[in-house]
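Trainee: Prediction below, plus the sequence it came from.
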Amino acid sequence: MIDILNVNKNYSTKSADITAVDDVSLHIESGEIFGVIGYSGAGKSTLIRLLNGLEEPTSGDITIGDDTINRLSKKDLRQKRQKVSMIFQHFNLLWSRTVEENISFPLEIAGVPKKERKQRAQELIELVGLKGREKNYPSELSGGQKQRVGIARALSNEPTVLLCDEATSALDPETTDEVLELLREIRDEMNLTIVLITHEMHVIRKICDRAAVMQDGKVVETGKVLQLFQNPSHSVTKRFVKDDINDEETTLALDEVRELFPDSKILKIGFVGSKSKTPVVSRVIKQFDLNMNILSGNIKQTNNESYGHLYVAMEIDSETLQKVIDALANDDITVEVEK
Ligand SMILES: Nc1ncnc2c1ncn2[C@@H]1O[C@H](COP(=O)(O)OP(=O)(O)OP(=O)(O)O)[C@@H](O)[C@H]1O
């Protein structure tokens with residue numbers, strides 16, 4: 001659906017030459033929710049602006065559907081943009097227009113007759129859960145409601161791709177989850193392809209199927225979301241995952257155990273999906289007569305699976321430890337020995 005091939009974007013400023021996007025190649029499937037995460041300055045905004053032709057790549061190609069957008073004429077690009085729409089962190093609504101007028105604005109520009117515009121706006125208002133708010137102005141709405149207007153407006157031209165530029169960064173956690181849930185429902189209903197950029201791993205975990213991690217203009221890691229959370233390989237991904245788990249207390253507990261029980265082994269036991277709901281660990285405890293000290297644990301939900309970690313400490317000889325690791329591996333449970 002979307003192919004980004006060896007794309008570079010350089011900017012020359014008075015003080016320096018900047019490579020905002022550095023040889024990025026990504027393939028995004030139709031109907032996928034694909035996240036791009038990175039810290040400030042990583043190149044996410046530039047990448048998303050390249051996707052809707054607001055920026056032109058210095059080199060490389062970006063293909064969406066059948067069109068290589070950096071090779072389209074201005075007129076064709078304008079047409080294409082109707083099918084590649086965008087929502088924004090600060091909503092970018094027209095403050096002097098009502099909810100209904102905001103939503104039908106792109107249709108007005110596209111020359112759609114009034115009656116049709118009104119009907120489409122009504123459908124979208126219902127879809128995003130704003131019935132009864134048609135005549136309100138943006139200033140009369142909460143942040144979450146404003147973003148719902150932004151989403152409805154972005155959908156008015158029946159796009160195939162929806163780009164989300166930090167779309168939940170201005171919202172509180174509960175509203176963030178409601179808006180993410182809405183985006184997922186819309187994807188399912190309309191078979192949209194969604195590309196979102198964010199600096200919050202929580203957003204990636206909640207709705208994305210796959211994600212790319214960016215640093216200094218480069219994609220440093222790409223993978224399915226569960227894989228990124230369970231087994232992050234790049235240091236930036238590890239930092240994001242750690243921030244999401246917020247395991248400061250775990251680190252403190254591990255340090256304390258190391259100090260108090262220098263002979264204990266600390267194990268990090270990892271579960272995925274249905275295995276996180278079955279009592280495999282208690283079975284192993286009984287089988288090997290283990291005496292373990294549970295330090296901390298958590299189960300998190302991704303868009304379609306749960307996964308979790310349990311940190312335990314115990315005095316165990318190497319032979320029994322290997323047997324425990326093998327027994328748990330039979331149930332697809334990973335064990336890492338912490339240093
Ligand atoms: N128009 C521009 N002119 C010059 N430099 C730019 C321009 N746009 C972006 N940059 C630079 O490119 C790099 C990547 O910026 P970009 O905004 O894409 O990162 P980002 O990951 O979206 O960060 P943030 O989350 O802070 O917006 C930065 O060093 C930035 O200063």
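Mentor: The structure has been received and is ready for your questions.
Trainee: Surely residue 54 is within a helix?
Mentor: No. Counting by DSSP: H, G, I helix; E, B strand; the rest coil, residue 54 is not found in a helix; it is coil.
Trainee: What is the neighbour count of it?
Mentor: Residues within reach of residue 54, counting by other C-beta atoms under 10 Å, total 14. For the C-beta atoms, the positions are set from N, CA and C on the backbone; glycine is no exception.
Trainee: and if you look at residue 279?
Mentor: 9.
Trainee: Check the gap between it and residue 285 for me.
Mentor: Residue 279 sits 10 Å away from residue 285, going by C-beta to C-beta, to the nearest Å.
Trainee: what do you get for residue 15?
Mentor: 62 Å.
Trainee: Show me which positions of stretch 312-323 end up buried.
Mentor: By neighbour count on 16 or more other C-beta atoms under 10 Å, the buried set for stretch 312-323 is 312-314, 316, 321.
Trainee: What helix or strand is the nearest residue to residue 218 once chain neighbours are set aside located in?
Mentor: For residue 218, ignoring the flanking residues on the chain, the nearest one in space by C-beta to C-beta, 6 or more residues apart in numbering is residue 22 at 4.8 Å. Using DSSP states H and E, residue 22 falls within strand 17-28.
Trainee: partners of whichever helix or strand comes after that strand in the sheet?
Mentor: Next helix or strand after strand 17-28 toward the C-terminus (DSSP H and E): strand 33-38. Paired strands of strand 33-38, with direction, are strand 193-198 (parallel), strand 210-215 (parallel) (DSSP bridges).
Trainee: Compare the ones you listed and give me the one nearest residue 67.
Mentor: Proximity to residue 67, assessed across the strands paired with strand 33-38 by C-beta to C-beta, is greatest for strand 193-198 (13.9 Å).
Trainee: Any residue of the closest one touching the ligand?
Mentor: No. Strand 193-198 does not reach the ligand (C-beta under 6 Å from any ligand atom); its nearest approach is 6.6 Å.
Trainee: what comes into contact with the longest helix anywhere in the chain?
Mentor: When every helix of the chain is counted residue by residue (DSSP state H), the longest turns out to be helix 173-190. Applying C-beta atoms under 8 Å, 6 or more residues apart in numbering, the external contacts of helix 173-190 come out as 31, 33, 127-129, 142-144, 147-148, 151, 155, 158, 162, 164, 167-168, 171, 192-194, 196, 202-203, 206-207, 303.
Trainee: in that helix, what's buried?
Mentor: For helix 173-190, burial by neighbour count (16+ other C-beta under 10 Å) applies to 175-180, 182-184, 186-187.
Trainee: give me the subset of those residues touching the ligand.
Mentor: Counting by C-beta under 6 Å from any ligand atom, no member of the buried residues of helix 173-190 is near the ligand.
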